[in-house]
Structure formats: structure tokens, C-alpha cells
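Enquirer: sequence first, then the predicted structure, then my questions.
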There are 4 protein chains.
Amino acid sequence: MTMRDRYEAVRKRSLMLAEPLSDEDCGAQSMPDASPVKWHLAHTTWFFETFILERFEEGFAPFHPAFRVLFNSYYNGIGERHPRAQRSLLTRPAMREVRAYRADVDARVARLLAAQPGEELLHLLTLGLQHEQQHQELILTDVKHMLAQNAMWPAYMDSALARAQAAAPLAWIAFDGGLADIGHADAGFCFDNELPRHRQYVAPFALASRLVTNGEYLAFIEAGGYRDPALWLSEGWDRVCELKLAHPLYWQRDGDGLWHEFTLHGLQPLDAARPATHLSLYEADAFAHWMDARLPTEAEWEVASAGVQTAAGGLHPAASHGDGLQQMFGECWQWTSSSYAPYPGYACAPGALGEYNGKFMLNQYVLRGSSCATPPGHARASYRNFFPAGARWQFTGIRLAR
Amino acid sequence: MTMRDRYEAVRKRSLMLAEPLSDEDCGAQSMPDASPVKWHLAHTTWFFETFILERFEEGFAPFHPAFRVLFNSYYNGIGERHPRAQRSLLTRPAMREVRAYRADVDARVARLLAAQPGEELLHLLTLGLQHEQQHQELILTDVKHMLAQNAMWPAYMDSALARAQAAAPLAWIAFDGGLADIGHADAGFCFDNELPRHRQYVAPFALASRLVTNGEYLAFIEAGGYRDPALWLSEGWDRVCELKLAHPLYWQRDGDGLWHEFTLHGLQPLDAARPATHLSLYEADAFAHWMDARLPTEAEWEVASAGVQTAAGGLHPAASHGDGLQQMFGECWQWTSSSYAPYPGYACAPGALGEYNGKFMLNQYVLRGSSCATPPGHARASYRNFFPAGARWQFTGIRLAR
Amino acid sequence: MTMRDRYEAVRKRSLMLAEPLSDEDCGAQSMPDASPVKWHLAHTTWFFETFILERFEEGFAPFHPAFRVLFNSYYNGIGERHPRAQRSLLTRPAMREVRAYRADVDARVARLLAAQPGEELLHLLTLGLQHEQQHQELILTDVKHMLAQNAMWPAYMDSALARAQAAAPLAWIAFDGGLADIGHADAGFCFDNELPRHRQYVAPFALASRLVTNGEYLAFIEAGGYRDPALWLSEGWDRVCELKLAHPLYWQRDGDGLWHEFTLHGLQPLDAARPATHLSLYEADAFAHWMDARLPTEAEWEVASAGVQTAAGGLHPAASHGDGLQQMFGECWQWTSSSYAPYPGYACAPGALGEYNGKFMLNQYVLRGSSCATPPGHARASYRNFFPAGARWQFTGIRLAR
Amino acid sequence: MTMRDRYEAVRKRSLMLAEPLSDEDCGAQSMPDASPVKWHLAHTTWFFETFILERFEEGFAPFHPAFRVLFNSYYNGIGERHPRAQRSLLTRPAMREVRAYRADVDARVARLLAAQPGEELLHLLTLGLQHEQQHQELILTDVKHMLAQNAMWPAYMDSALARAQAAAPLAWIAFDGGLADIGHADAGFCFDNELPRHRQYVAPFALASRLVTNGEYLAFIEAGGYRDPALWLSEGWDRVCELKLAHPLYWQRDGDGLWHEFTLHGLQPLDAARPATHLSLYEADAFAHWMDARLPTEAEWEVASAGVQTAAGGLHPAASHGDGLQQMFGECWQWTSSSYAPYPGYACAPGALGEYNGKFMLNQYVLRGSSCATPPGHARASYRNFFPAGARWQFTGIRLAR
């Protein structure tokens, strides 16, 4: 695919994700960690305008001077920002104007691409598209969180969610360990946090063949998992007590005691065979503890993933089928026990783009794999996703290790 | 005017107020105290459905069962409520559906009205319309607050705000005091908190002939009013320090030090002749203290208002002109020093409607008069508006007393 | 009594109140609203040093320059203050040094008194002694709150609390109302908030002959009083839900379901005949609502108190006995429905002493009478005590009105 | 040394640390993270009573049944706990009683020791003593924090703090890296978090020969280090902005602009040659960034420490002198970039003692070495101290790496 085709495909997909939504849906924000869809559509455009057009376009003038502030996410190097928790108050520009903003920037990028783009421009465009793909995943998780606050349980997509067959039985797959090279290796794109490739010593270990299912997680609940402090990290137990947690984020029981799960297809009966998802690291760790297992380190996960094909999912994690190592990609991000830290020798880029990853390497934990919401083509074995231990609104699940 | 005409006029006016706004504008909520325009449009309709249709319509069925919860404001007697601070997350129902909800309820109310309505129905309809008029004022103040969070300073109405002539000079108008009957007297509608009419002893007093102007308030600022604790109530001074307050809510200085005021017409140069508005009781009291004056009690205000005609305003308070007691109605609500308390002998209605006023009679202060945002025909001398001392997003101003 | 004798008596009584306590007890602070006993002992001394010695003593030098900051409560006019919530961190000066501070200031005041003191000095000394008496009451209520946080339920005074006889039956005593003069009248001392004496119109009313008892309040609890929002002011109901309130501050049930009350004599079985105490205005109002009664206004209370003798109490409110209007003084402060506001014509003193009362006249409610913790000789009919509606650590009770 | 001698020595040292303090000093608590000295003295005793006497003493009866709750720190397995933030409210038991509690438990432990103690008892006693030594360090850091809230700047120890010579110049010491065995190796005591010893691959690295000095840190401040977001981790910069941080915890400038540092010897002029201390990980990381260096990993630190002798300090970190790797022990704990995580194969003890370390392995960072406040004999190369990234009240400093 040419850069031009890739650019068009990725940019079009973002708008496509907004299609089932009204302008009202696109403006709402359910918590500071989530953003309105409109904001995602504008911010990803701002990224191209700020880091590419401003640098490579002759006679650059911004589409609208206020957008520099309104749609800056967290780049101190670019200047002021609209407060993160108040993005739903940006009723102006309207969705219509944001679409015009996207079209304008796209046309200008197309002009740059028509004129023999240099390597740096191509690299920044690739970064911009990868960045937009990250926001495509957030569009789905953020809108899910927003819809879940509405007692009418509106669906993002009205189509039904098929009841899964039984899940494949859980098997343990052993790995030898030893010295391993960790980090991105091939010539394709990667984020700076996947570099440099470096050596680690990994002791022998085993991974579960698939993700933990709703049925297994329900057994944990029914065994009193949320009432036994001995299973929990101290911070996790504090959270359980403070928020009176008793189940995953989108689970609820109806009047008859039957469990349901809110999904992008609306409220659905809980499907025991599908992976348990929307779990915090606290929950993942407590469940593992209860199973006399543990979470993998990110190095273990990466070692195990050698040769596994990536896969893309739908709007909800699907049940496992088949033998061997399953569900590494395309269902749920998998919590690791590894705190998000720079690889030895890591150096972040100079200037504002250096704020992309490095400054977040503290008090967050690495998730590996990809989820059903990850755009096709975005996943790879060395990818390091990261969230605070308490985050539950992403499609996060549990891969056990020993 | 017949009830039918009044009903239609009031209901139509609410939609008219939403006309300059997009669906996105109508969905946003800038703080828990303010509500989205869409919510106001739905809640006022819910009021008619819940307190009138449910009671008087044969074979009543709700327009949508979930709306009972979604659009209940604070009536414990009705049951569960959607959380107040999260009203902007109700992207469903859409504006379109809320319009349909309004049309449906209006048609059913029209049918009730066509069939010789009894006195209680007429009373409840009047209450419902007065209630809707209260929300019409909130539509303007809430949307103003929301637009003010956007650094693009969008106007609700693009028309210009004319520069006022100089304000009339401030004069003191004396009143004799003595025994006075306070509270609603005539046969027209009033809220329960205006009753019963009762006797009070009022000592001789004087009122300022007009509201305090922006020019006068600016002098207070320039004299260091926001830096001198001796002028402030203790709670007010704590607020000044905590929020670093230094001017009224919507004032700001540009890069050249010139003062501007955000209005429903957008950002405007500060007009010295217009009334100072969007002030807390803390600020009103401190200013009065600085002027060696005080705020009136609500009894004094009501005594003084005898014979004064009500007036309706535009989208921003206008400067005073003429002699005698000016600006009692139609410009800014006027803080009094009276805490909001039941009149002697007050009894609130039975059932859920009894929650309309009585349960709020604590830690709030009475404002008298009306503002530019008050709907025509809604103001009267015995009207008791009330807000916590720190509220600033209403059109609140200062009437001095001695 | 000469001023010298009065001075000695009051000053000695403060130390006497600290006698049952260890230095450790005297240093602790259980919440920002309460202060350590040591701080009370030092602050009352600071008051004499700052407002009297500094002004009248020739060649004045402070006992310790840092004390000006450490023991200033809330006087902006005096300058900086040690943070209120951190008074327990003032382990230095030690109790021993605070006693020395008291002795030093007392000796210097005695020298001033020996030299023909003028009227202003005498007035300020009286104010200082009244101020110290106010803190004597706080010493008891603050230390009670502190001891109540300790699961060992330590007693301030080990002596037993006798079980009361049955309370006198509740009768309603009628008053005619009419024009009344309210506020301090005679030549004795009063605080500025009791002035000026002024006229009010009071409608006919009736007062309960005695305070509400524990037995009566328990009936309210058992009838579901804490679970029915219809009984509560909106703010009160929010508090009930947020803090899960279900009984007065110091009540608790043991494993057998028997009610106990923590007192200055330690944990005691609940005595049905004694007055219910440590109630918020929210609770008092809800109880009155449940009884189809209301709380009195402060004017009604003052009218009713004409001719009633003040009385001083012990360490816990005693049951009523006898006929007529009982328990106006010496048992529990009585919540009124009157917000704390300046009397018409009120003027606060110039300078820092003007901060004594006026700046607190907002969002607080007046309590009348006196409590068992009020020092002998400190109570009078025109006295205006005041606290926020949610305060419960004072000896506050309920006098019903109709 | 026999266990008996060791027991006596350690237990005596805790009381010795309280000697310069009054009972009032020993009762105060300046923040939830810190505890009153009295509580430390009681809790360490509770540890012996609960984990040793209760298990090994025949006919065990607790010294006081309430102490089980009052002096439990965080062991869910033991049951209820007095709220952590309210430990200063435990004015009872008095210091005198806590001393009696210590003496009683000591006598009973002595009896156990007299009767041929088994291996498990000896192991638990060792653990109890190591635990008590940890609290000895906290006694000093907690009391320092408490005294620092008092504007009189009281000293823990009145003796002077000598002005240091110039610090040794900073040199870089290179290490080869390679496969290394990390974790406790010899037969002596270690905590469970130092095990199991395991293999890691460590790339070649260099460590600074000594800690960062006050002079160097001051240069960072003067170069605008606290005003440049590019130097900071995102969470650190948020903290800087929110708390308006501009210098280490105990630094302050006097009226002449001269820097002082609050120490256990009281307020002292800042000594440029001594190590900078009381720094958060945020500050350590930003400083390292500014120096184009980084913080070491805990594995690097442990590799480098091979063969280094431990050392014990005074009441404040001393300046470096001499060549080679200096100040690894006895001055400041050294922040590493390693998040606190279980070593591969880590298993925590069964029962309540398993709560000692494992449940805290999240969102905390490892510090290595020891500080001036660490008791003699308590330090070792494999020791893993840990605190949240924002903690500043420990003696924490900066060791740079490359």
C-alpha cells in the first residue's frame, strides 16, 4: 500500500467509527480519562496539522488558531491546553466543523504527499497514522463507557451478539526461558518505547493457553473473591472497599439474579465462554492469586508470542477455539506484572514529540497483545500498551502464568 | 388569556430559547448546578406528565418508562433519579426524541383541557407553567455558563450589545417602616413559599435608587476590595483565597489590561453604566461593607416595591435611566441579607409536590426582583428566589440599603 | 466581686478543667472544628496579651514572639495564623510552658489592675473573661469528641452518672406574641451580636415545656426517622445518606442491641429520661417535622424566657422535673430556626476585635439557652450561640414549638 | 551476640530514641503516612505479643485486649484496626502505660528465651527485631516531619551540626554487567522480598561515585529545574504544579534569600557539601534528566555494591570524603528506577505475616542502601526499601547512573 492509500484508509476508518453515533453522542464525555468522539476526531487531525503541516507546508496557516489549544492533549511543548475533564464543553466547533477540519488537513497532507515526500515526513505521517489508530480504539472504549452511564443501555451497534460455544479447556504451555532479546526487531514501524532491543534473562515459565473466561471469573466471585483481603494487593483491596467493587466494570445482575454484561451491542446475558474483560490489574492479580498462578511479565509474554499471528476482532471479545496458544491478539489486552519503564538505553525524541511516551513511564503497568477494539494492522508482538492498575474501561483481560 | 393559550405560549417559548443552539450545545453541562438545555426541555415535560397526566389522564401510560428516572430532578417522593452531575451523558434520548416527547405530552394536555378541566387540574397546570418559566431562566444562565468555558467565546446571540449611556446617579430613597404585611396578597398565582401573608415590624430604612454599576464595582476592585479581609464575611474570604477570586464571574482582562465581560452576545468590552452582575452574596456583602452600606432584608425590599411595575429584559442587564426607584425588576436579581426560611405558619403541600420549596429552606439566601432572563409575566413583588451565598452564574446584582 | 477576683476565678477554672487530663490528652485534636485543651489554654491567654497587655502595658514585650502566630484563632487583623487543623502538632510549647505563659500574663494583668484601671481596660478584661468562658465550654466538648475516637471509651471523669427518674410529661405553654423588644437590655455585659435591642413582631406561639428526651428520640429512630426523606431538609437528607447517619453522635448499640451513650463519664447505658443531645439542626428539624411541630425562632425563645432563671449543669444533661417551662438553661443548647444574622442597626467594633462575631453571620443557625458545659454565670436570655446546621459535638438538643 | 542480648539491645534503643522527646511530642502525628512515636513503641511491642507470645506462651492472655485493635498497623489477617490517620487520638494508653506494656512483653519474651527456644521462635524473634529496627528509622523521620510543622523549628537534638568540608568531586565508576545473581545470598537474616536469589542480565553501566550534593541540587533549582516540564515525568510535573513545589521538602529561604534546611538539629544554613535529601522520585528523576544521566536500576545498584561495607550515620547525612564508590550506606536511601515487584519465584509467608511485604508490591519504587537514620547493623546490599514516588519525608537522595 502506498502512504497515500494508507493515509486515506486510516483517516476514513475514524469517521466510519463515528457513523452509528449522533452528534450528541459524539460530544459527551463520561470521565476525565475518556474523551468525546468529536474530540478524538479533532485531536488526531491536530496531530497532523501541528507536527506535519506546520513543519512541512510552505506558508502554513492554521485552520483555526484556537484549535491549537482546544485539541492539544498533553504536549507541554506545544503550549496551553483546554482542561482535559471539560472536553464535552467544546460544543463549538460543531461536528460539522470538525469534519471540515479533517477534510482540510487531509487535502493539505495529500498535497505534501504529491510532492515527493522525504523520509522524515513519511516517518511522521506513519507516526500520525499509528497515533490515530490508537485513538480509534479509544473511540470505542470511551463511547462504551459513556453509553453505559445511561440507564436505557443504548447499543453502539444494534446487531446481536451470538452466544458462544463452550470455551476451549485451559492448558499450560511451557517455555524454556534463558537469554532473550526483547523489543522491536524488524524494519517496520514501532513506537519509541519498544526500543532499543535488548537482552534479558528469563527463567523457565508456563503460560495459560487462553484468556480467563467469564465463567471462571464468576466462580471467583461466587467463591467470595471480592470479600477476602488475603487475595488482593493492598491498594486493590482499598479500592474494593472504597468503591464497594463486587464484579467487573460492566457486569450487573437483573431482578432475578441473572448476570448481564453491557457491551457495544447493548446489555447482553453474560456469556460464560467469552473472556472476562474490563478488569483492573488489581482484579487480574487477585484472580491469579486465587488460582495459585500469577500474571506474566512482559518479557515472558513477548518470548511466548514468537511466531504467533496477530488477529483483529469485532466489537466484543470472542470465545477461544482450537489448541495451542490462543487469544494472544484481537480479544483482550493482557495485564502483565511489569511496570511501564524505559528499556535499557531508551532515549525519547527531542522536542514536543518526545512527550509521546517517556513521561508516562511511572505508576503504570504494561498490557500486551491487542483487543477486539484494536484496528486491523495495528498489533504486533513488541507493542507495549500501558494503563494505571485501576483502569477498567479498556478491553482488558487475564492471561495466567506460572 | 385562556389556559390553553397560556400553555401553548409558555411551552413554545422554551423551544424558541433553544433555537439559536445546536443539538450539541443543548446536550452539554458545565457544572452540577447547571443542566443541559435538552434536560430542561425534557424535565419540564416530565413535570406535566408526572404530576398531571399520571393523575388525570385515563389509561395513563408513560411516553417512555425510563424517563421517570432520567428527568426527575430532586423529588424523592417519585423515586430514583439519574445523577445530577451526569446529565450531559444522556445523549439518548436525542433532541429529536425530546421534541417528540414534548409534542406528545402537549397533545395529551390539550385533550385534558378540551374536557372541562376542574380547579385542581387548572392549578397544577399553572404550577407546571410557572415551573417551566423558572427553567426558561435557567436555560439562559446555564447555557451562558457552558459557552463561557470555551476559549472561542461563542455567542448565544450574535446581535451586538449597544454601549449604554451613563447610568443615572445613585440616590437614596427613604421608607418609614412600621408594621407591614409581607407575602403574596392578591388572587393570582404564587408559590407556597410566598405564603402565608403575615405581619412583620420593619424599622425605617433607605434603598439605593438603582443597582450598583460595573463602574462602581470596578472602583471597588481597584481599591483592593478583593485583598482586604476586613470587608468580607469569613466564608466569603475563605472562598476568595481558595479560588483566588479577583472579579465577577464573567469578567476578564485582555493583554492590554482592558476589562471585558462575557455575555450572551459573546465577549464585550465592559460597560461601566450597566449593572454589575454575576456576583455572589459574598461579593455583594463585601461591596456594601466597602460603601458603608448594607444589603436590604427581603421585607424591606418588598415594602419598597409597593406600586412598582414589573418589567422584562433582554439578554443582558441594561443601564438605569430616569428618577426614583429603578431596576427593581428585569435587570438583576437582588441579593438580600435574609436567609431563605419559611414564613410563620408556612405549610408545604402533601406528597411529592411538597418537595418543591420547603426542603430547601436552609443555608440559602433570598433574592428579590427579577432579571433580564426572567420570562415576561413571571415576576412579582412577593417572589422569593433563593440560591446559596456563593452562586454566581445567575444574573445577580446589588441593591444597597441603609 | 471585684474585677480582680473575677479574673482570678475564671482563669483558675480553665486550669481546673484540665486537671483530670494528662499532658497527652491536652495535646490531641480530633477534628479541625475542635482544638486541643492546651491550645484553648494558650489562646485565651493570647487574647489578654494581644488585646490588653499590648495596648495598656508600658514597654510591652511579648512572652514569646512566635505565640502571636501560634495562638491566633481567626483574627486576620492580627496577621498570620498556625493552620487550624494542625493545632495538635504544637507539641512545643509544652503544657508546662503554657502554664508559665498563663502565669506570666496573669501577673502582668494583675499589675494593670492594681493601677486604677480605666473603663476601656475594664471592658476589654470583661470581654476577655467572657471569651475564656466560651472556651471553657469548648474544652469539655472538644475533649469529649477526642476521647470518643478511642475504642477504649476513656472517661473524662470517672464518677458515675446516676440513672434519672422518668422525665416530666411534655406540656405546651402558650405565649401571646405581639410587638416585642429583642436583644440585650440591662447594664450587664453582652456580646455585640446581642445588640442593638430592637422591635420585632412575634405571632402567637407555644413552646414545649421541656427538652426532647432520649426516649422520645429513640421512638423517632425506631419509627424509621432516618430512612424517610420526607422528614428532612434536603441538605440534611444528603448528609444522612453520605455519612449513613442513623442516631445521635455519641450513641451506639452493643452486641445485644442495647443502646449506650458516650459521655464525659464514659460509656453509659442510654437513659430514656435525659434530654437527647449532640444533635444537628438537621436532626432537630426532622424530629420536629415528625412530631408535627417545628423549632422556635430565636425571638420566640427570647420572649418565652422572660423571667426564667439561669442554671448551671454538670457534665451531662439532666432529666427534667417540675412543672412549667423547664430546662431553658443548663442542659442543652436549643436549636432555633433562625439563621445567625445581624440585628437591625448592628455595628461591629473597629479593628481586629470587630472580627469577634460579625464576619460569621452567614450559613450558621442560632442556638439559645445554655448547656451543662456552660460555665456558671455565663448564661443569659439574650445570648446568641451559633453553629453550622451539621454541628453535633456541642451539647445541642431540641425544644419544640408550635 | 546471643538472641537475648540482641533483643535487649534493640528494644532498649527504641526507648533511647524517645528520650529527647516529651510525652506530648510522642503523641503527635503530622500526616497519615507518619505515626506518633508512642504508637511506634506500642506497635513494635504488639508485633511480639501477637506473632510470638500468642503463639508460644502457655496460657497466653493479652496485656490489654483493646491493644490488639489499637496497635495493629495493616494486618487484615489479625482483624480490625484503629484508623491510621487518627493515631494521635490515642492519648490513652498513656506513654507510661506503653512503657509498662513494653516491659511486660519483654519480661515474657525473656521467659520464652530462657526455656530453650526452637528455631521458629528464634526466626520470629529475629523478624520482630528487624521490624522494630525499621520502626526506629521511622521514629526519627516521623518526628522530624512533625517538628517541621511548628514555626518555632524545635530541634530533636540540640547539639550543633558541623559545617562540612567541600564534597569529594563526582566521578563515574564503570561496571561490566553481564549475568548476575540478585537477591540475598548468605545465611543471615533477610526479608522475604529479598528472595529468591535469581539471575538477571545487566548491561554495562556506570554509577556516580557519591550522592548528589545540596550545592548541585541548588544549581538545578537556580537553572529553573522546577519550571521546565520537559525535565519531569508527567505525574511529577502535575505534583509540582498542584503543590507549587520549588525545592526539597525541608528547605526554606529566609528574608535575606539565604537557604536553610530543617534538620533533627533544628533549622540550619544549607550546607552545599552535604547530600541533597528528602527528595521524591519525581525530583530525583528530573534532576537526573537535567544532568543527562538517569537513576540506577536496583540490580545495577546491587551489582555495584559487591564488597562495599555498610556504615551507620548520625542524625543528618554527612558529606562524602575519599575516593571510589562512596555513600552507598548510612547517608541517604537511593531511589532506583525499579518498581517494587516480586522477584521471580517469590512466595509470601502463609497467614497474617504474609502481609508483611507482598501486598505492597505495586506503584511503589525501590530504594537501595540505607540512611543516616537506619539503625546500626540493619543495612545490607540486598535490602529493598520501597516508597511511593512522591514520598519525601524519608532520608532519600540521588545516586546517578549512566
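Expert: Arrived safely, thanks for sending. Numbers count the residues shown, from 1 in each chain, chains lettered A, B, ... in the order given.
Enquirer: and the strands in the stretch 301-402 of chain A, which stretches?
Expert: Per DSSP state E, counting those that start in this stretch, the stretch 301-402 of chain A carries strands over the ranges A:333-339, A:365-368, A:385-387, A:396-397.
Enquirer: closest to C:Val109 out of those?
Expert: strand A:333-339 (63.7 Å; C-beta to C-beta). Quick note: C-beta positions are derived from backbone N, CA and C, even for glycine.
Enquirer: quick revisit: would CSV of the strands of the stretch 301-402 of chain A with mean neighbour count be doable?
Expert: Shown next, in CSV, are the strands of the stretch 301-402 of chain A (neighbours: other C-beta atoms under 10 Å in any protein chain shown):
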stretch, mean neighbour count
strand A:333-339, 26
strand A:365-368, 27
strand A:385-387, 22
strand A:396-397, 28
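Enquirer: could you dump these to JSON lines with distance to chain C and mean pLDDT?
Expert: Below are the strands of the stretch 301-402 of chain A laid out as JSON lines (distance: least, C-beta to the nearest C-beta, whole Å; pLDDT from 0 to 100):
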{"stretch": "strand A:333-339", "distance to chain C": "34", "mean pLDDT": "98"}
{"stretch": "strand A:365-368", "distance to chain C": "33", "mean pLDDT": "98"}
{"stretch": "strand A:385-387", "distance to chain C": "30", "mean pLDDT": "98"}
{"stretch": "strand A:396-397", "distance to chain C": "31", "mean pLDDT": "98"}
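Enquirer: need the contact list for the nearest residue to A:Gly183 once chain neighbours are set aside.
Expert: Spatially, and ignoring its direct neighbours in sequence, A:Gly183 is nearest to A:Arg197 (3.6 Å; C-beta to C-beta, 6 or more residues apart in numbering or on different chains). With contact set as C-beta atoms under 8 Å, 6 or more residues apart in numbering or on different chains, A:Arg197 has these partners: A:Asp181, A:Ile182, A:Gly183, A:His184, A:Ala185.
Enquirer: where's the third one relative to chain D, distance?
Expert: Applying C-beta to the nearest C-beta, to the nearest Å, one obtains 12 Å for the distance of A:Gly183 from chain D.
Enquirer: what of the first one?
Expert: When C-beta to the nearest C-beta is the yardstick, A:Asp181 and chain D sit 10 Å from each other.
Enquirer: you'd agree that residue is in a strand?
Expert: Yes. The assignment for A:Asp181 by DSSP: H, G, I helix; E, B strand; the rest coil puts it in a strand.
Enquirer: how about A:Trp301, nearest residue that isn't a chain neighbour?
Expert: Per C-beta to C-beta, 6+ apart, closest to A:Trp301 is A:Arg368, 4.3 Å.
Enquirer: next up, the contacts around that neighbour.
Expert: Going by C-beta under 8 Å, 6+ apart, the list of residues near A:Arg368 reads A:Pro296, A:Glu298, A:Trp301, A:Glu302, A:Ser305, A:Trp333, A:Gln334, A:Thr336, A:Tyr383, A:Arg384, A:Asn385.
Enquirer: which bits of chain A sit near chain B?
Expert: Applying C-beta under 8 Å from any C-beta of the partner chain, we find that chain A lies next to chain B at A:22-30, A:38, A:66, A:69-70, A:82, A:86, A:88-95, A:146-147, A:149-152, A:154.
Enquirer: and these, which of them are buried?
Expert: Among these, those buried by neighbour count (16 or more other C-beta atoms under 10 Å in any protein chain shown) are A:22-30, A:38, A:66, A:70, A:82, A:86, A:88-95, A:146-147, A:149-150, A:152, A:154.
Enquirer: understood, closing this out.
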